[in-house]
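Asker: Quick one, structure for this:
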Amino acid sequence: MNQPNPAVPAVPEKLWDVKDVAAYLKSSRSFVYKAVEAGKLPCLRIGTMVRFKPEIVRAFAEGGPISR
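Answerer: Numbering: from 1, shown residues only. Next comes the predicted model:
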């Protein structure tokens, strides 16, 4: 059996863009932007880009607590 090597850090998931979030939520991109502007969906702003941590989007979708 292959055991994970504790010396090798786990590779984090890539950040999602608005299109990815909308596809995951099966919603429109405008819904995602409105959720961000309302402060309901935390995001990372990189210049003019908006990016999301997948685990936060999943928590948002499940209606659970969102850790930033």
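Asker: how about the strands in the protein?
Answerer: Here the chain has its strands, by DSSP state E, at 44-46, 49-51.
Asker: Run the chain-centre distance for the last one.
Answerer: Going by Cα atoms, centre = their mean, to the nearest Å, the spacing between the C-alpha centre of strand 49-51 and its chain's C-alpha centre is 10 Å.
Asker: on that earlier part again, residue 27: which of the strands of the chain is closest?
Answerer: Nearest of the strands of the chain to residue 27, taken as Cβ to Cβ: strand 49-51 at 14.9 Å. Bear in mind the C-beta positions are built from the backbone N, C-alpha and C, glycine included.
Asker: strand partners of the closest one, parallel vs antiparallel please.
Answerer: Here strand 49-51 has these sheet partners by DSSP bridges: strand 44-46 (antiparallel).
Asker: Just say which of the strands of the chain is most tucked in.
Answerer: Most buried of those, by mean neighbour count (mean count of other Cβ atoms under 10 Å): strand 49-51, with a mean of 15.
Asker: what does it rub up against?
Answerer: Residues outside strand 49-51 that contact it (Cβ atoms under 8 Å, 6 or more residues apart in numbering): 15-18, 33, 36, 43-45.
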